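> Please find the sequence and the predicted model below.
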Amino acid sequence: MATQLLNADADLATIQDLLGHSQITTTQRYCRVANLKVQRDYYKAMKVVLQRTQAQDQEEGQNMDLRELS
């Protein structure tokens, strides 16, 4: 149950409360991060990185155009 909740993006503290654990480390033992969650988190982070990179590239291109006009 803990792993399924974690894979469904439930917060670890919420899972801790549901399972009645006083220590978060106990909950962590019950939650095994599945490859599906790792993949999802990776692609989500990479999407942000790519968006930032593209925005920086566009900004640099605009700055270069302005320098050429001067």
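Alright, I've got the coordinates. Residues are numbered from 1 along each chain as shown.
> Run through the neighbouring helices and strands of the lowest-mean-pLDDT helix or strand in the chain.
One helix or strand of the chain scores below all others by mean pLDDT, DSSP states H and E: helix 35-69, with a mean of 80. For helix 35-69, the elements it packs on are helix 2-7, judged by 3 or more CB pairs under 8 Å, 6 or more residues apart in numbering; DSSP states H and E. In this view, the C-beta of every residue, glycine as well, is placed from N, C-alpha and C.
> counting contacts, what elements does the helix it packs on pack onto?
helix 12-19, helix 24-30, helix 35-69.
> Next, the buried residues of the shortest one.
The reference is to helix 24-30. Counting neighbours by 16 or more other CB atoms under 10 Å, one finds that the buried residues in helix 24-30 are 27, 28.
> how far is it from where the chain is centred?
20 Å (CA atoms, centre = their mean, to the nearest Å).
> same deal with the longest one?
Averaging C-alpha coordinates over helix 35-69 and over its chain gives two centres that are 16 Å apart (CA atoms, centre = their mean).
> again with stretch 20-29
On CA atoms, centre = their mean, the centre of stretch 20-29 falls 22 Å from that of its chain.
> mean confidence for that stretch?
On average, the pLDDT along stretch 20-29 is 91.
> Turn the helices and strands packed on helix 2-7 into a markdown table, including distance to residue 3.
Shown next, in a markdown table, are these (distance: least, CB to CB, whole Å):
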| stretch | distance to residue 3 |
| --- | --- |
| helix 12-19 | 9 |
| helix 24-30 | 7 |
| helix 35-69 | 9 |
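> Go through those and name the closest to residue 2.
Evaluated with CB to CB, these place helix 24-30 nearest to residue 2, the distance being 4.0 Å.
> I would like the residues contacting that closest one, please.
By CB atoms under 8 Å, 6 or more residues apart in numbering, the residues outside helix 24-30 that reach it are 2, 3, 12, 13, 15, 16, 19, 21.
> For residue 47, state which of the residues you listed is nearest.
Once CB to CB is applied, the member of these that ends up nearest residue 47 is residue 12, at 23.1 Å.
> Grab the nearest non-local neighbour of the closest one.
Spatial nearest neighbour of residue 12, excluding adjacent residues (CB to CB, 6 or more residues apart in numbering): residue 27 at 6.2 Å.
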